[in-house]
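Chemist: Just the structure for this:
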Amino acid sequence: MDWEDEKILHKAIDKWGIELQHLMTIEECAELTKEIIKEFRGKGRGNALWEEIADVSIMIDQLTIHHPEVKKIKIKKMLRLKKLVEESK
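Modeler: Numbers count the residues shown, from 1 in each chain. Sure, this is the predicted structure:
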């Protein structure tokens, strides 16, 4: 995420508040879930899945800005995933 993107995300949090952004994240995750299910059933609609992935990613970026401790936890989890992937070779 570049500096300009981060500025926009901060402005969104400032404008609507973190509580509403939490709720919007729930809504976007639900829409992503719906599109994933449609893909599995062969009823996906063009770029709809990609659109929902992008929406969820933007919301997660906002939550990560508001909860900076997530970055440390993500590093730990990525190291654990790396170990699991390497062990399966």
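
Chemist: Look at the residue minimising distance to the centre of the chain and tell me its secondary structure.
Modeler: In the chain, the C-alpha nearest the mean C-alpha coordinate belongs to S57, at 3.1 Å (CA atoms, centre = their mean). Following DSSP: H, G, I helix; E, B strand; the rest coil, we place S57 in the helix state.

Chemist: Find the nearest non-adjacent residue to C29, please.
Modeler: V56 (5.8 Å; CB to CB, 6 or more residues apart in numbering). All C-beta atoms are positioned from the backbone trio N, CA, C, and that covers glycine.

Chemist: Quick check: phi and psi on D2?
Modeler: phi -90, psi 170 (degrees, to the nearest 10).

Chemist: Please apply the same query to R41.
Modeler: phi -90, psi 0.

Chemist: any idea how far it is from K34?
Modeler: For R41, the distance to K34 equals 11 Å [CB to CB, to the nearest Å].
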